[in-house]
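> A structural model of the following input is requested.
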Amino acid sequence: MKVLLLEDHPIFRVGVRTLIEKRWPEARCAEAGQLSEAMALVHHDDWPIAIVDLHLPDAEGLEIVTSLLRISPTLRVLVLSLNAEAAYAQRVFQLGVMAYLSKERTSSELIEALERVSRGGRYITQSLAEHFADLISGQKQEALHEGLSAQEYRVLIQLAQGHRLAHIAEQMHISPKTVSTYRTRILEKLNLATNAELVRYCLEHRLLASS
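Residues are numbered from 1 along each chain as shown. Down below sits the predicted model:
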């Protein structure tokens, strides 16, 4: 077992590392508190698995996952975040994440998820599976933001985080004009008029990453 731990809280990292080393005494773990540190580690060594938080000092949300998978497409990412599973999991799975767990989950469930991911499988919790099943069966109405494309959703989150168009364009490797076009589409699809309303929408739907 070889795992990269990307989490900005040292005490939480120690806890996760202890769990891993207790289950797999031969495990090799590396720790990073920022995305830039994790990317340097991935550049210089082969890390098959990464446990990733969605709130870091130098990056947030989907951009963390996107950046890691851009430089290491075969990296098996397990997201461990305070965000509600139903709010974020669908999007990160679409990006290629292998498992999503809330930090409120038990340590035994984290170990179970790691075992599944280490074998190349995916892991979703029972509550998340039920949520997806309700959406598919029509028993639960899909929120408006679920109708956004992957790129539109990434722009939505970054706008809600207060980033300027130029910054978003640089992060996503597209032009500011394209970002502006995405913003217009987002506002239309969500029936919103201003960035302030956009922020309020994201807060109400718990779409912003939590530490």
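> with just CA atoms, put the helix or strand containing residue 80 into CSV.
Taking DSSP states H and E as the criterion, residue 80 maps to strand 76-81. Taking Å, rounded to 0.1, in the frame of the first residue of the first chain, the C-alpha atoms of strand 76-81 are listed here in CSV:
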residue,chain,number,x,y,z
ARG,A,76,-6.8,6.6,-7.9
VAL,A,77,-8.3,9.4,-5.9
LEU,A,78,-10.4,9.0,-2.7
VAL,A,79,-12.0,12.2,-1.6
LEU,A,80,-12.3,12.7,2.1
SER,A,81,-14.2,16.0,2.8
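> put the alpha carbons of the helix or strand that it is followed by into CSV.
Following strand 76-81 in sequence order, the next helix or strand is helix 85-95 (DSSP H and E). Provided in CSV are the C-alpha atoms of helix 85-95 (Å, rounded to 0.1, in the frame of the first residue of the first chain):
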residue,chain,number,x,y,z
GLU,A,85,-21.7,13.5,-0.2
ALA,A,86,-24.8,14.3,-2.2
ALA,A,87,-23.7,17.8,-2.9
TYR,A,88,-20.3,17.0,-4.4
ALA,A,89,-19.9,13.3,-5.1
GLN,A,90,-21.6,13.1,-8.5
ARG,A,91,-19.3,15.7,-10.0
VAL,A,92,-16.0,14.3,-8.6
PHE,A,93,-17.0,10.8,-9.8
GLN,A,94,-17.5,12.3,-13.3
LEU,A,95,-14.0,13.6,-13.1
